[in-house]
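Using only what follows, build the 3D model:
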Amino acid sequence: MTRELDEQLTNYLTDAHSIEVQALAQLRSAPEIAGAPVLAEAFRAHLTETEAHERTTRDLLDARDASPSRLKDVVMDIGGKGFLLFARLQPDTPGKLFAHALSFEALELASYELLRRVAERDGAQDVVEAATRIAEEERTMMHTLEGYVDAAADASLREHPRDHLRALLPKYLADAHALEQQAIGLLERAPKLVDDPELESVFADHLVETREHAELLESRLHAIDEDSSSLKDAAMRLGALNWGSFFQGHPDTPGKLTAFAFAFEHLEIGAYELLQRVADRAGDDETAAVTRAILPQEREAARSLAGAFDRAVTVSLKAVGVTA
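Okay, the predicted model is just below:
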């Protein structure tokens with residue numbers, strides 16, 4: 001049983017290392033497209049921290065006579081570069097970068113929270129201390145980013161005169177609606193993937209809210225004579241199904257799914273923070289009110305998922321036959 005727990009801890013460490021590889025791929029170019037000096041400086045400062053995180057996870061693996069997973073690292077590196085290309089092609093690059101960066105920091109935070117819990121059960125104090133320290137730095141970066149949402153919005157809207165904001169608002173609404181459709185697809189499948197009543201309830205509770213959010217956004221789109229961008233929604237739904245297949249391919253699905261859902265909540269939080277500011281500047285009080293109603297629910301869902309990290313680790317270890 002101890003050997004099996006050791007093996008799982010090593011797997012979590014290789015996951016952490018690959019996530020840092022993707023973070024490095026993004027952070028090395030992020031300052032160039034941040035659009036705001038304060039954001040660019042935040043990314044530069046966090047790049048230095050992330051380089052240290054990569055070294056730490058590599059050293060921890062080396063101390064366990066293990067090494068990073070070349071396949072995981074390559075896949076994550078490609079993913080990081082792919083997102084940067086996507087962001088560069090968007091007219092609101094700084095906003096897309098801000099929301100994604102907030103989400104990715106949340107993914108890193110969740111990953112280290114899970115890693116710490118596995119290390120505690122294995123008695124690996126060196127990993128516990130490293131995971132605790134790095135998680136705190138990721139949490140600090142999240143707080144830093146959230147403090148710069150106005151700068152991200154300003155940078156995104158700088159090229160759009162005020163009288164053009166009414167035409168831009170539907171695009172932000174459609175993006176938010178597409179995210180909710182993607183969340184619905186993931187949350188609908190989550191109970192089957194985690195197979196645990198306690199975790200199932202966390203996902204099920206937010207599924208009800210998520211459907212309501214999608215309806216509210218669709219109502220606003222109809223009110224301004226726009227549709228909900230069916231092509232975006234279809235692509236997002238397909239993405240949710242693909243993620244489901246990915247999670248099913250990993251025996252520790254409950255942990256990965258909980259961490260990913262926590263990150264996705266922060267992608268939605270970032271998107272709604274930006275939508276609220278666009279609505280305010282466009283003078284659309286109704287849409288601004290909708291976003292102000294939805295945001296607290298997304299934040300509470302993120303807190304609920306964070307509160308489920310302990311259970312997610314227990315269920316994940318049980319799924320691979322480790323009961324320690």
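
what's in contact with stretch 100-109?
With CB atoms under 8 Å, 6 or more residues apart in numbering as the test, stretch 100-109 has contacts from 19-20, 22-23, 26, 30, 43, 83, 87, 134-135, 138-139, 141-142, 145-146, 259-260, 262-267, 269-270, 302. C-beta here means a position set from N, CA and C on the backbone, and glycine is covered the same way.

Sort out which of these are in helices and list them.
Taking DSSP state H, the ones among these that sit in helices are 19-20, 22-23, 26, 30, 43, 83, 87, 134-135, 138-139, 141-142, 145-146, 259-260, 262-267, 269-270, 302.

need the strands for the stretch 101-250 of the chain, in chain order.
Using DSSP state E, counting those that start in this stretch, the stretch 101-250 of the chain contains no strands.

where are the low-confidence patches of it?
Scanning the stretch 101-250 of the chain for pLDDT under 70 picks out the ranges 159-163, 226-250.

90 instead?
Low-confidence segments of the stretch 101-250 of the chain, defined by pLDDT under 90, are located at 156-175, 178, 181-182, 185-186, 189-195, 221-250.

Helices of that one, start to end?
Ranges of helices in the stretch 101-250 of the chain, per DSSP state H, counting those that start in this stretch, are 125-147, 149-157, 165-194, 197-223, 230-248.

Mind listing what's buried along the second one?
I take that to be helix 149-157. Across helix 149-157, burial judged by 16 or more other CB atoms under 10 Å covers 149, 151-157.

again, but for the fourth one
Buried residues in helix 197-223, counting neighbours by 16+ other CB under 10 Å, are found at 199, 202-203, 206-207, 209-211, 213-214, 216-218, 220-221.

quick one on the thing from earlier: would you reformat the helices of the stretch 101-250 of the chain as CSV and include distance to L274?
Shown next, in CSV, are those (distance: least, CB to CB, whole Å):
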stretch, distance to L274
helix 125-147, 12
helix 149-157, 6
helix 165-194, 7
helix 197-223, 14
helix 230-248, 16
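
T56: which of those is closest?
helix 125-147 (5.3 Å; CB to CB).

packing partners for the closest one?
Judged by 3 or more CB pairs under 8 Å, 6 or more residues apart in numbering; DSSP states H and E, helix 125-147 is in contact with helix 2-27, helix 37-63, helix 93-122.

buried residues in it?
127-128, 130-131, 134-135, 137-139, 141-142, 144-146.

now what about it, what contacts it?
By CB under 8 Å, 6+ apart, the list of residues contacting helix 125-147 from outside reads 9, 13, 16, 39, 42, 46, 49, 53, 56-57, 60, 63, 98, 101-102, 105-106, 108-109, 112-113, 115-116, 119-120, 266, 273.

quick one on the thing from earlier: return the most buried member of the helices and strands packed on helix 125-147.
With neighbours taken as mean count of other CB atoms under 10 Å, those reach their highest mean count in helix 93-122, at a mean of 24.

Would you mind getting the angle between that one and helix 165-194?
Inter-element angle recorded for helix 93-122 and helix 165-194: 20 degrees (by axes from the mean of the first three to the mean of the last three CA atoms, to 10 degrees).

Next, the angle from helix 93-122 to helix 125-147.
Using the same axes, to 10 degrees, helix 93-122 lies at 160 degrees relative to helix 125-147.

next one: helix 93-122 to chain centre, how far?
Computed by CA atoms, centre = their mean, to the nearest Å, the chain-centroid distance of helix 93-122 equals 7 Å.

just the angle between it and helix 2-27, please?
Using the same axes, to 10 degrees: helix 93-122 against helix 2-27 is 160 degrees.

got the angle for helix 93-122 vs helix 37-63?
Orientation check (the same axes, to 10 degrees): helix 93-122 against helix 37-63 gives 30 degrees.

For the residue nearest to E209 when sequence neighbours are not counted, give its distance to G307.
Leaving out its chain neighbours, the residue that sits closest to E209 by CB to CB, 6 or more residues apart in numbering is Q297, at 5.2 Å. Using CB to CB, to the nearest Å, Q297 is found at 15 Å from G307.
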